[in-house]
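J.: I need the structure of the sequence given here:
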Amino acid sequence: MDIKIINAGVQDADTLGLLISECWRQAYAGIIPDDYLKTVTPEKRAERFRTDIPLNPDVEYDLIFVDTQPAGLMILMQCRDEDLPDAGDLTAIYFLSPYWGKGLGQAAIEYALQWFQSASYKQAVIWVLAENQRARKFYEKNGFYLDGAKKTMDFGKELSVVRYRRDL
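T.: Numbers count the residues shown, from 1 in each chain. Sure, this is the predicted structure:
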């Protein structure tokens with residue numbers, strides 16, 4: 001299995017949109033209400049990427065391939081949390097379910113941590129839905145710890161989101 005992580009651009013918006021909508025449906029089934037997940041369409045997400053990528057030159061949008069097939073995506077940026085100005089934020093990391101448990105997440109985390117270190121960040125953070133136990137276990141296995149920060153987000157119902165942090 002050949003894993004490649006490539007920087008995505010506006011020309012990849014359709015692939016990014018398709019991946020994120022499918023990954024959300026697979027990862028958040030039973031957590032985020034189905035009515036909300038139905039609104040996360042490939043077309044809407046592709047349009048958002050076409051707008052966001054040019055407006056955010058300091059954000060890294062990545063596609064993750066297995067052999068020649070797009071299998072996931074990742075978004076890396078400076079943390080927007082006021083209390084962590086020297087942290088990088090793993091804003092998104094998603095894989096299609098057939099690729100879960102195959103080492104892609106590990107490769108992506110290692111890539112992200114190297115990216116953060118090369119940008120001179122001192123810490124890495126990721127916000128996770130509190131109910132997403134699979135993701136939480138993965139981050140904890142990779143040295144991330146709950147730091148006590150919480151917020152709620154509305155996905156058709158209020159859901160708790162918790163912050164994980166890791167020193168670099």
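J.: Nearest the middle, which residue of this protein would you pick?
T.: By CA atoms, centre = their mean, the chain has its centre lying nearest to residue 92, at 1.3 Å.
J.: Let me know the pLDDT of that one.
T.: Residue 92 carries a pLDDT value of 96.
J.: next one: residue 74
T.: Per the predicted model, pLDDT is 98 at residue 74.
J.: just the strands in this protein please.
T.: 3-7, 60-66, 69-78, 87-95, 123-129, 145-154, 158-167 (DSSP state E).
J.: Please name whichever of those strands is nearest to residue 101.
T.: strand 87-95 (9.6 Å; CB to CB). Heads up, the C-betas are built off the backbone N, CA and C, glycines and all.
J.: Can you tell me which of the strands of the chain is packed in deepest?
T.: strand 87-95 (a mean of 22; mean count of other CB atoms under 10 Å).
J.: Show me what that one pairs with in its sheet, parallel or antiparallel.
T.: strand 69-78 (antiparallel), strand 123-129 (parallel) (DSSP bridges).
J.: so it versus strand 158-167, what angle?
T.: Per axes from the mean of the first three to the mean of the last three CA atoms, to 10 degrees, the angle that strand 87-95 makes with strand 158-167 is 120 degrees.
J.: The closest residue to residue 45 other than its chain neighbours and residue 65, how far apart?
T.: Distance criterion CB to CB, 6 or more residues apart in numbering; nearest residue to residue 45, sequence neighbours excluded, is residue 17 at 3.7 Å. Residue 17 sits 16 Å away from residue 65, going by CB to CB, to the nearest Å.
J.: Repeat that for residue 13.
T.: 16 Å.
J.: Ok, residue 123 next?
T.: Counting by CB to CB, the gap from residue 123 to residue 65 is 28 Å.
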